[in-house]
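Undergrad: Turn this into a structure:
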Amino acid sequence: GGVAVAFAFENTTFLFINAHFAAHSNNIEARNNDFKRISCELFEDKASASNKESESGAKESAPDKTDDYDAVVWMGDLNYRVEANRKAVDTLIEDGMFEVLLANDQLGREKGKGKVFQNYTEGKLTFPPTYKFDKWTDVYDSSSKQRVPSWTDRILYKCPKRKKGKKKVDIKLLEY
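TA: This next block holds a predicted model:
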């Protein structure tokens, strides 16, 4: 699920969305669906969002509400994972080869296929994965699960096309 806040400052509208997408490595499609559902059902009550039907009686695909804002920021535990075996990932992290990990990042792959976060930008990931550490340590998961280190907490942003009579908004990322 997700929670969003929208506001206008002077002549610019902002939308901030915090979300927690479906967990577990294999739930890629569920995460993609979380993104689509939240994008289309923002600020609607559940009854109207789930009952929209066209004249033919088929369920309508709701428009992406995020395009109504000048600047949009998504953040949260999006739960996309690195697809690789644990031992290989540990070695790649140790060697600082984050670009290899990113080539196997589910979010990057799904974005590249056009399934999620089209027209969104993410800062360059130049730091080790932030998931999953043993509690209160800097040791990656040593439990029997041996979860693969990944970047599950993410921040992405976009500034949709300039609207009539408005100056296009630009977001400048200072640090990630």
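Undergrad: which parts of the longest helix belonging to the chain are buried?
TA: Using DSSP state H, we find that the single longest helix of the chain is helix 28-41. Using 16 or more other C-beta atoms under 10 Å as the test for burial, helix 28-41 gives 28, 31, 32, 34, 35, 38, 39, 40, 41. Quick note: C-beta positions are derived from backbone N, CA and C, even for glycine.
Undergrad: How about residues contacting it?
TA: For helix 28-41, the external contacting residues (C-beta atoms under 8 Å, 6 or more residues apart in numbering) are 1-2, 4, 17, 19, 21-22, 49, 61-66, 78-80, 106, 110, 115-117.
Undergrad: One more pass at 6 Å, please.
TA: With contacts defined as C-beta atoms under 6 Å, 6 or more residues apart in numbering, helix 28-41 is touched by 2, 19, 21-22, 49, 62, 64, 66, 79, 106, 110, 115-116.
Undergrad: Which stretches in the chain count as helices?
TA: Assigned by DSSP H, the helices in the chain fall at 28-41, 46-50, 86-94, 98-103, 106-112.
Undergrad: Figure out which of the ones you listed is closest to residue 133.
TA: helix 86-94 (12.0 Å; C-beta to C-beta).
Undergrad: before we move on, back to that, ok, which of the helices of the chain comes nearest residue 135?
TA: Of those, the one closest to residue 135 (C-beta to C-beta) turns out to be helix 86-94, at 18.5 Å.
Undergrad: so what does the closest one touch, helix or strand wise?
TA: On a contact count with 3 or more C-beta pairs under 6 Å, 6 or more residues apart in numbering; DSSP states H and E, helix 86-94 meets no helix or strand.
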